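> Could you work out the structure for the sequence below:
(chains A, B and C)
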Amino acid sequence: MRGADYIIKKAAFAIATIFVAITLNFILFRLLPGTAVTGLSRVPHATPALRHALEVEFGLDKPMWQQYVIYLENLFKGNWGISFANQQPVWDNLKTDLWNTIPMVLLGTVVAILVGIATGIISAWRRGTKLDQVSTNTAIAFYAFPTQWLALVILILFASYLPSHGMENDFLLNPTPWQHFKDVMSHMLLPSLTIALTLYGEYTLIVRSAMLETLGEDYVLTARAKGLPQRTIVRRYALRNAMLPTTTLIALSLGYIVAGAILVEDVFSWPGIGLAVVDSVAARDYPMLQGAFLVLTISVVFFNFIADLLYFRLDPRIKE
Amino acid sequence: MSLLEVRDIHVWFDLPEGHQLHAVQGVSFDLDPGERMGLVGESGCGKTTTILAVMGLLPANATLAGEVRLDGENILEGGEDTVREHRWKDISMIFQGAMNALNPVKTIGQQIVEPMELHGVAEGNAAKIAAGELLELVGIPAKAAERYPHEFSGGMRQRAAIAMALACQPKVLLADEPTTALDVMVQAQILELLVGLAQDLGLALILVTHDLPVVAQVCDRASVMYAGKIIETGPMEELFHNPRHPYTRLLFAATPDLYGEEEVLSIPGAPPRLDRDIVGCPFQPRCDSAFDRCAVELPELKSVGIGHDAACHLNDLVGATTGGGGAVG
Amino acid sequence: MSQAIQAVETENLSLPPPRKKGNWFWDIIKGSTQAKIGLGVILFFSLLGIFAPWLEPYSVHQQSGAVFCPPSGHHLLGCDDGGIDMLSLLIQGGRISLVVGFCATFVAMVIGGGVGIVAGYFGGGIDTVSMRVTDYFLVIPDVPLMIVLATLFGAKLYIIIFVIGILLWTGTARIIRAEVKSLRERVYVRRATALGSKNSRIIFRHILPQVGPLLIANTVLTIAIAIFDETALSFLGLGDPTAITWGKIIEFAFLRTAVSAGAWWAIVPAGICVALVIMGCYWLGQSIEDALNPRLKVAHLSPRTFRLRPLVGEGKDAL
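Just a heads-up that it's a prediction; the model follows:
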């Protein structure tokens, strides 16, 4: 199969990166003085017996490498510790949080990508005109606005028209699935809008740059020489080839999306992974912080891998 | 009336601050079916711009004047819109680096079929079969149509580009330095292929190059360009053995033996800048035979033999001219 | 390859490229409006920061107006929840925001540039290992890791600077390494090596001057990211509580219900300042990058087409 090597290499890299993150977690949260014993076994209101049981379970009395192995075992078994804040298993908390975050961020990101591609193409096509300048500088401006500030401005502007706190209306009693869906969607609009606005600018710049590159390539001249209409050339030659570097660069922005999610969820109190990070920082809830960091990293690594697959699909030149 | 009549082509490129670069300065020539003509000169002399102008493939910062008559009809009449109809169907082109001239994300077959379907020459399965036949014609197995450009070697890619150029059975083929990026053995094969196609299909060929052995192998006659103008045109024999312009003489005389030692020779000096008017002969500063008339008066292209024209004041000196017609157009 | 009569000079790759004149930077600035504006913005805020104590109308530690008082003649940008003048806060905040941004970037540039040059020049094992490490950290999301580090190590200014710098160097390293790798293959470098020049001499005399401009462009762009990251960390409560930055101003506004009080002046100007500096950095950095790697390609396709000029009369005098 073409590119089996490529896919395997990328998958191996993804797994290795996750291991690096896991190890980083272990080093930071366990090995640092003060956090080891106090961190993990510092479950509030714990009795000495519980403390001791936890110490044994996490192997805090054993040598470091054994602790690491136990740590890995626990991770894979789904035992990610107990949250200090609500006494629930970290993994259960995170599952719900992730489930809440994904639709909101996905909506914003997809809109940002589509708008970014459209404006990027238009700007590149009309390079040098006023339209291009306005479009490009607007993109730069939105890219430059701090995400949390953008969220606050949107909050100020639209708070009276759209829900801006949380994911659902607590006072909506016994909603039908449809009512619940509408309720959640109406709460999702402002946070997703913020995500879209904070992301789209970077994508505009990426696509514009890629299109300028491809519009100057010889194969575009060949296409014109063949008598193809402009629209076809832009689509089949320029854009299609511009999608290659665009995919790679969008993948590199995944970290930015995560940062955006954290800040947006904080402002709008959206009960997702981002808010979990914020709350666990404030409460020094180390198990949750560790878990959230890991979940975020795994998500980014995963989507990075997806982007690699997409690139593979788009570029026939990749053989190995 | 010839198949292709190029009349007085001028091309200006806009420069910053309102200036213009006069890249092509009144180029004219005729071409008949089956004729193989060379267009030679140094880098920057305007030869590539000239053939791009023939197909109207100029960028937005260019201004074009002149006529290109195909079977009597001026295809440049309405600008980009009218010339587009003739592209690939009547005149097609192959470029220097086939690496970048082919779309990397489409197969060779798709790229050959594309103009066929566009211009209504063939469709669907019939088009695919025709594409395969074209590939065989240029020496590539038909099955290779499923491959992508990067899977071909340089020579094969150029052959594929030729097959693609023939997709709509054009009357004229323009070749811009088609073999410059290839190694010697492959070059010879490609050139042989071009000659064969011109002969078998009655294709008219214009070969643009700075490489004289290439022109010698392929073309019956050639036009030499300097600073945007044609300064001599005639049969290959004449250009080699009886050049009537000092530039041509220096150019052709300096061509070393193909199999001899590699040596890059240069004519001292550089071509004149084309963003300002030139007084007198453009070659005068570098010419080894210039005299006083050369610095003040621009020499015109005049007949110096049968089918042989040159633009040099030397030919006006007593005993230098020969009679006969054969003037252009 | 066949003979070619050449009348134009070909690039002689065995000689070093012409040494960039000391004023290459100013040539770029002079040649680009975008660069001028970018540099102007950065200089403006830098000067504001340097002369902050003399420019602030009021003290930032004392109440001088009503709580959340709106913009007026006395307080051009109103007051915050403690009655402290916003304009003074902004001027003071700019100072530390820029300090953090510049210092973190300096850390990133030194590490990133160093790693990039060493990896690109020496290749081999060092290259493979450092590039692997860079790859991992390019994928692992920056901000969550910064949050973790800041939470664990505490919230002092120098820690924040270090935390940001330690994650920003990877991008620089990659770019510098690629450039150094290609420079290393140039004939003049290989010749210097063959002649027995010491590596350090080659690096400082030949490689560094060529890589310098690229490093500067990358540095400017990194400052933008560093400032962005600082505002994010501050917003989450991880900034130094004793230091006033624009990020902190936004955080306080959020925590102390400026939104419900309708006190937009406590929020909006701070974000605009951050955005302006980031935009300035982007414009300047991008201009330098464009000047170093000019996009030489003419668009082969564009909305406008070539113009036709009708031949008037016969003969070339007509044109």
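
> so what's A:Ile233 closest to, chain neighbours aside?
Nearest non-adjacent residue to A:Ile233, counting by C-beta to C-beta, 6 or more residues apart in numbering or on different chains: A:Ala223, 4.5 Å away. For the C-beta atoms, the positions are set from N, CA and C on the backbone; glycine is no exception.

> Please disregard the earlier target; I meant B:Pro141.
B:Leu135 (7.0 Å).

> Check which residues of whichever strand or helix holds the one you found are buried.
If you go by DSSP states H and E, B:Leu135 is part of helix B:124-137. Judged by neighbour count using 16 or more other C-beta atoms under 10 Å in any protein chain shown, the buried positions of helix B:124-137 are B:127-128, B:130-132, B:134-135, B:137.

> Pull the contacting residues for A:Gly108.
Residues in contact with A:Gly108 (C-beta atoms under 8 Å, 6 or more residues apart in numbering or on different chains) are A:191-196, A:199, A:260.

> Name only those of the residues you listed that count as buried.
A:191-196, A:199, A:260.

> any idea how far whichever strand or helix holds the residue nearest to A:Ile233 is from the chain center?
Using DSSP H and E, A:Ala223 falls within helix A:218-225. Distance, stretch centre to chain centre, for helix A:218-225: 38 Å (C-alpha atoms, centre = their mean, to the nearest Å).

> which other residues reach it?
Here helix A:218-225 has contacts from A:214, A:232-233, A:236-238, A:241, B:55, B:57, B:87-88, B:92-93, B:95, B:97, B:100-104, C:300-301, using C-beta under 8 Å, 6+ apart.

> ok, now with 6 Å
With C-beta atoms under 6 Å, 6 or more residues apart in numbering or on different chains as the test, helix A:218-225 has contacts from A:233, A:237-238, B:57, B:87, B:93, B:100-103, C:300-301.

> how about the residues of the stretch 201-319 of chain C that lie near chain B?
Contact residues (C-beta under 6 Å from any C-beta of the partner chain) of the stretch 201-319 of chain C with chain B: C:298, C:302, C:304-309, C:311, C:316.

> does the closest residue in space to A:Val295 that isn't next to it in sequence sit in a helix, a strand or a coil?
Leaving out its chain neighbours, the residue that sits closest to A:Val295 by C-beta to C-beta, 6+ apart is A:Leu94, at 5.3 Å. Using DSSP: H, G, I helix; E, B strand; the rest coil, the structure places A:Leu94 in helix.

> Now for chain C, the helix or strand with the poorest mean pLDDT.
In chain C, the helix or strand scored least confidently by mean pLDDT, DSSP states H and E is helix C:187-194, which has a mean of 76.

> Can you give me the buried ones in the next helix or strand after that helix?
Beyond helix C:187-194 in the direction of the C-terminus, DSSP H and E gives the next helix or strand as helix C:199-202. Using 16+ other C-beta under 10 Å as the test for burial, helix C:199-202 gives C:Ile202.

> In the chain, which helix is the longest?
As the question left the chain open, I've gone with chain A. When chain A is scanned for its longest helix (criterion: DSSP state H), the result is helix A:177-215.

> my bad, the chain I had in mind was chain B
In chain B, assigned by DSSP H, the helix with the most residues is helix B:184-201.

> What lies in contact with that one?
B:36, B:155, B:158, B:179, B:203, B:205, B:217-218.

> ditto for stretch A:239-252
A:206-207, A:210-211, A:214, A:304, A:307, A:310-311, A:314-315, B:105.

> can you pull out the helices in the chain?
I went with chain A, as the question did not name one. A:4-26, A:36-41, A:48-57, A:64-77, A:90-125, A:130-144, A:147-158, A:177-215, A:218-225, A:230-233, A:240-252, A:254-268, A:273-282, A:286-314.

> Chain C, not that one
Under DSSP H, chain C gives helices at C:24-31, C:33-50, C:52-55, C:86-122, C:124-139, C:142-153, C:157-184, C:187-194, C:199-202, C:208-235, C:246-255, C:268-292.

> Next, the angle from the second one to helix C:268-292.
Compare the direction of helix C:33-50 with that of helix C:268-292 by axes from the mean of the first three to the mean of the last three C-alpha atoms, to 10 degrees and you get 130 degrees.

> go on, the fifth one?
Regarding helix C:124-139 and helix C:268-292, their directions subtend 150 degrees when assessed with the same axes, to 10 degrees.

> tell me which strands and helices helix C:124-139 is in contact with?
Contacts defined by 3 or more C-beta pairs under 6 Å, 6 or more residues apart in numbering or on different chains; DSSP states H and E place helix C:124-139 against helix A:4-26, helix C:86-122, helix C:157-184.

> what about 10 Å?
helix A:4-26, helix A:240-252, helix A:254-268, helix A:286-314, helix C:86-122, helix C:157-184 (3 or more C-beta pairs under 10 Å, 6 or more residues apart in numbering or on different chains; DSSP states H and E).

> how far is it from where the chain is centred?
Counting by C-alpha atoms, centre = their mean, helix C:124-139 is centred 23 Å from the centre of its parent chain.

> can you check the fourth one too?
Here the centre of mass of C-alpha atoms in helix C:86-122, compared against the chain's by C-alpha atoms, centre = their mean, lies 9 Å away.

> With the first one instead?
Its chain's average C-alpha position is 17 Å from that of helix C:24-31, according to C-alpha atoms, centre = their mean.

> again with the last one
Taking C-alpha atoms, centre = their mean, one finds the center of helix C:268-292 at 8 Å from the center of the full chain.

> Would it count as contacting chain A?
Yes - Helix C:268-292 is in contact with chain A by C-beta under 10 Å from any C-beta of the partner chain, via C:268, C:270-272, C:274-283, C:286.

> sorry, back to before: how about the helices of chain A in TSV, adding mean pLDDT?
Output for the helices of chain A, formatted as TSV (pLDDT from 0 to 100):
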stretch	mean pLDDT
helix A:4-26	92
helix A:36-41	46
helix A:48-57	68
helix A:64-77	84
helix A:90-125	95
helix A:130-144	96
helix A:147-158	94
helix A:177-215	94
helix A:218-225	95
helix A:230-233	94
helix A:240-252	93
helix A:254-268	94
helix A:273-282	93
helix A:286-314	93
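
> between those, which one is nearest to C:Leu167?
C:Leu167 lies closest to helix A:254-268 among the helices of chain A, at 9.6 Å (C-beta to C-beta).

> Determine if any part of that closest one is in contact with chain C.
Yes - for helix A:254-268, a contact with chain C is found by C-beta under 10 Å from any C-beta, at A:254-263, A:266-267.

> Quick check: next helix or strand after the helix holding B:Leu135?
helix B:154-165.

> so where do the strands sit in chain B?
Taking DSSP state E, the strands of chain B run over residues B:4-14, B:20-31, B:36-40, B:62-70, B:73-74, B:91-94, B:172-176, B:204-209, B:221-226, B:229-235, B:302-305, B:308-310.

> which other residues reach the fifth one?
Spelled out, that is strand B:73-74. Contact partners of strand B:73-74, identified using C-beta atoms under 10 Å, 6 or more residues apart in numbering or on different chains, comprise B:5, B:7, B:66-68, B:82-83, B:86, B:90.
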